[in-house]
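# Sequence first, predicted coordinates after that:
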Amino acid sequence: MKPSTSSSSSSVLNSFLVLLAFIPFSSSYLLPPSIIGSTFEHQNHTAISSFRVVNRRNLIQCPDANPYLQINVSSKNSPLSDDEYVNVTVSGVFHPSDGDWVAMLSPSDSNVKSCPSKKIQYVQTGDTSKLPLLCHYPVKAQYVSNDPNYLKCNKPECKKYNNTVCEVATCSGTVSFHVINIRTDIEFVFFAGGFETPCILTRSVPMKFSNPNQPLHGHVSSTDSTATSMRLTWVSGSEEPQEVQYGDGKTLTSTITTFSQDDMCTSALPSPAKDFGWHDPGFIHSAVTTGLRPSTAYSYRYGSDSTGWSDKIQFRTPPAGGSAELRFLAFGDMGKAPLDPSAEHYIQPGSLSVIKAMTDEVESGNVDSIFHIGDISYATGFLVEWDFFLHLISPLASQVSYMTAIGNHERDYINSGSVYITPDSGGECGVAYETYFPMPTSAKDKPWYSIEQGPVHFTVISTEHDWTENSEQYKWMDQDMSSVDRSKTPWLIFAGHRPMYSSTDGLFSTDDKFTKAVEPLLVQYKVDMVLFGHVHNYERTCSVYESNCLAMPSKDRNGIDTYDHSNFSAPMQAVIGMAGFSLDNFSQPGSWSLERISEFGYLRGHATMEDINLEFVNSNTRQVQDSFRITKGQK
């Protein structure tokens, strides 16, 4: 994801620097210029909202004691199930206000009364208030006015009678929260004063999940190009080994890993992941199923008798490298959004329609694999949001190979070894991403790999790690693309997060140094198509090199733009970061830009030995808004 620009940027920065001048830092808290600059940049990165910084508000005392005030939670299940909606009712309210709200907190022993004064702790979020409201960040929140009866007090309740005359009447309101099993107890807290000036009115009793150890969120990925093995990864509250049962009675025992607050990055300022955004991830289980056949469906379940079992699910292996056909989906920058009207710390509004549309395609049987090229969950240090993301993608990621690339919001952090020193990962530094999505990489924090499926060789890189000419990753790119057998896999697709070309202005939309270092390799090895995300729209180029069109597509008999690579000149490139995050507009397009669409959607690909057909699908309408194909000379 790239930062947006703002007309008030200079005034915000000046105000921020003035504020810093009045904060009494000790010598150990002197901020280096890189942190000051990245703080300002991070304010633009993270779509600051009043809820996003709610735990930086000074918690005041609610003025009037109310003996009738209550908060009750009704659920069809007690304890809570793995996935349900609960109704939270606040009652006994004298004067309903549009500033009344309910927060869901976890764990339930989070301190909701006061926290120590940590004046600069939250600078990396772009907020510079002095005192935090909550020691732990609320998972989500809703204004009670989401109940249309609340402000009008359409359901008054008499609390005190004088004979038959009601002397004291109160109001109530109910809001519905979508809750998933996050393993730790939760509670609901009723606040007045809105997100800006909150005070606590009352809180619910803690609520437990029926089975905190339940195995959840299983998703599959390819381990190599033979398609005879697949990795299954899932989450559980238990560290005891569990099993995958698949195929015709085969069983595998899981390997288990996790990560802790000590694994998170921090700096002179505590990061969200290290401090107020932390949530225990449980244990991540993984097992590699073997003895499979390419392009074949298998049923499976995972878990154990002691922790419980998942439902029986069916996945399909992708075609082996060198086989005749591949159908895939590709996109970047998806993230997640709540399934209720809640505010969350970071919401990607288009993600739900994109996930729904792609799930329908997967269930139709017309998808072999998926490529998500960076900015995966946008948890950015608020770790509980990984659970919500994994829950949302389960219907598709549990059925076909879900391959990923790392983005700035998974990896970048100050002085962590990333190319860009912005605090975009919130201190995760790639640890959470690599634990939840183990790809066929050579080692930890080297998140580049290649995979062959059907007639396509995919070279997947990290734009966040060193890509300069003498770097380990550059040498790997050179070696990987030079070794592709084009008689076996005639198509070479190069994918990473940050683009080389974009008609959207903004700081770090593109990086000329990256383009100058890596683009010659794309031409040298005759890369057919380059896929990037980071910018939140869809854009397709000509056959471009050094910002010049070396060739233009021609129309085939169906009027589809066709790139003829029988006489290769340069790859065509596409930005496909339109899968969820708020969309970016276009400024002045470059001469190399052929199609520009600012709509939510994804790229649908169908590769054969003769050509690749690509379509941009609008996820809201399900209509194809752009089509193109790449051939080796066929018309």
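Looks like it arrived, so ask away. The shown structure was predicted, so the numbers you read here are calculated from the model rather than taken from an experiment.

# now the helices for this protein?
Applying DSSP state H to the chain gives helices spanning 9-21, 33-45, 351-363, 384-397, 408-411, 431-436, 472-482, 512-524.

# confidence score at S587?
The model reports S587 with a pLDDT of 91.

# pretty sure it is touching T504, no?
Yes - assessed by C-beta atoms under 8 Å, S587 is found in contact with T504 at 6.3 Å. Placement of C-beta: from N, CA and C, glycine included.

# Would you mind telling me which of those two has more residues around it?
Comparing S587 with T504 by other C-beta atoms under 10 Å, the one with more neighbours is T504, at 25 against 13.

# what's the closest residue to V168 other than its chain neighbours in contact with, if anything?
Leaving aside its sequence neighbours, V168 sits nearest to K160 (C-beta to C-beta, 6 or more residues apart in numbering; 3.8 Å). If you count contacts by C-beta atoms under 8 Å, 6 or more residues apart in numbering, K160 has them with C166, E167, V168.

# now, which of those sits nearest M572?
Nearest to M572 among those: V168, at 71.7 Å, using C-beta to C-beta.

# A65 versus that closest one, what's the distance?
14 Å (C-beta to C-beta, to the nearest Å).

# related to what we said a few turns ago, adding distance to E239 and mean neighbour count, write the helices of the chain out as TSV.
Shown next, in TSV, are the helices of the chain (distance: least, C-beta to C-beta, whole Å; neighbours: other C-beta atoms under 10 Å):
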stretch	distance to E239	mean neighbour count
helix 9-21	43	13
helix 33-45	34	19
helix 351-363	30	20
helix 384-397	17	23
helix 408-411	24	30
helix 431-436	14	24
helix 472-482	33	16
helix 512-524	40	16
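
# Kindly list the longest strand within the protein.
For the chain, the strand with the greatest residue count under DSSP state E is strand 165-180.

# CA atoms of that strand as PDB?
The C-alpha trace of strand 165-180 is given here as PDB (Å, rounded to 0.1, in the frame of the first residue of the first chain):
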ATOM      1  CA  VAL A 165     -47.500   6.300  37.500                       C
ATOM      2  CA  CYS A 166     -44.000   5.800  36.100                       C
ATOM      3  CA  GLU A 167     -41.500   8.100  37.800                       C
ATOM      4  CA  VAL A 168     -38.300   6.900  36.200                       C
ATOM      5  CA  ALA A 169     -38.100   5.600  32.600                       C
ATOM      6  CA  THR A 170     -35.000   4.500  30.800                       C
ATOM      7  CA  CYS A 171     -34.000   3.600  27.300                       C
ATOM      8  CA  SER A 172     -32.200   0.700  25.700                       C
ATOM      9  CA  GLY A 173     -30.500  -0.200  22.400                       C
ATOM     10  CA  THR A 174     -29.100  -3.400  20.900                       C
ATOM     11  CA  VAL A 175     -26.300  -3.900  18.400                       C
ATOM     12  CA  SER A 176     -25.100  -7.100  16.800                       C
ATOM     13  CA  PHE A 177     -21.400  -8.100  16.800                       C
ATOM     14  CA  HIS A 178     -19.800 -10.800  14.600                       C
ATOM     15  CA  VAL A 179     -17.600 -12.800  16.900                       C
ATOM     16  CA  ILE A 180     -15.000 -15.500  15.900                       C
END
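
# Just checking the distance from stretch 607-619 to the centre of its chain.
Averaging C-alpha positions (C-alpha atoms, centre = their mean, to the nearest Å) puts stretch 607-619 25 Å from its chain's average.

# And that stretch, what's buried?
Across stretch 607-619, burial judged by 16 or more other C-beta atoms under 10 Å covers A607, M609, D611, I612, N613, L614, E615, F616, V617, N618, S619.

# ok, these vs L383, which is closest?
Lowest distance from L383 to the buried residues of stretch 607-619 (C-beta to C-beta) belongs to S619, with 27.3 Å.

# ok, that closest one touching I597?
No - the criterion here is C-beta under 8 Å, and S619 misses it with I597 at 11.9 Å.

# Quick one: end-to-end length of stretch 289-299, please.
12 Å (C-alpha to C-alpha, to the nearest Å).

# quick one: low-confidence ranges for the stretch 501-635 of the chain?
507, 634-635 (pLDDT under 70).

# now the strands for it?
Secondary structure of the stretch 501-635 of the chain by DSSP state E, counting those that start in this stretch: the strands cover 529-532, 538-545, 548-551, 554-555, 561-564, 572-576, 593-597, 601-608, 611-618, 624-631.

# quick one: which of the ones you listed is nearest T422?
Counting by C-beta to C-beta, T422 lies closest to strand 529-532 out of the strands of the stretch 501-635 of the chain; the figure is 17.8 Å.

# From the contact counts, what lies against the closest one?
When contacts are defined as 3 or more C-beta pairs under 8 Å, 6 or more residues apart in numbering; DSSP states H and E, strand 529-532 sits against strand 369-373, strand 491-495, strand 572-576.

# helices and strands around the first one, which ones?
Applying 3+ C-beta pairs under 8 Å, 6+ apart, one finds that strand 369-373 contacts strand 325-331, strand 401-405, strand 456-460, strand 529-532.

# I'd like those written out as a markdown table, with mean neighbour count added.
Putting the helices and strands packed on strand 369-373 into a markdown table (neighbours: other C-beta atoms under 10 Å) gives the following:
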| stretch | mean neighbour count |
| --- | --- |
| strand 325-331 | 23 |
| strand 401-405 | 25 |
| strand 456-460 | 25 |
| strand 529-532 | 26 |
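
# Could you dump those into JSON lines and include distance to T435?
Converted to JSON lines, the helices and strands packed on strand 369-373 look like this (distance: least, C-beta to C-beta, whole Å):
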{"stretch": "strand 325-331", "distance to T435": "22"}
{"stretch": "strand 401-405", "distance to T435": "12"}
{"stretch": "strand 456-460", "distance to T435": "18"}
{"stretch": "strand 529-532", "distance to T435": "25"}
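
# Compare these and give me the one nearest F177.
When these are ranked by proximity to F177 (C-beta to C-beta), strand 401-405 comes first, at 27.7 Å.

# Which helix or strand in the protein has the lowest average pLDDT?
Least confident helix or strand of the chain, by mean pLDDT, DSSP states H and E, is helix 9-21 with a mean of 32.

# Closest to L339 out of the buried residues of stretch 607-619?
When the buried residues of stretch 607-619 are compared against L339 (criterion: C-beta to C-beta), the nearest one is S619, at 16.3 Å.

# quick one, what contacts the closest one?
G350, S353, V354, K356, A357, M358, A579, F600, G601, Y602.

# Tell me which of V168 and A65 has more neighbours.
Using other C-beta under 10 Å, the more surrounded residue of V168 and A65 is V168, with 14 against 6.

# quick one: that one and N162 touch, right?
No - if you go by C-beta under 8 Å, V168 and N162 don't touch, sitting 9.4 Å apart.

# Distance check, the closest residue to Y525 other than its chain neighbours against V527.
By the measure of C-beta to C-beta, 6+ apart, the closest residue to Y525 outside its immediate chain neighbours is M481, 3.9 Å from it. According to C-beta to C-beta, M481 stands 7 Å off from V527.
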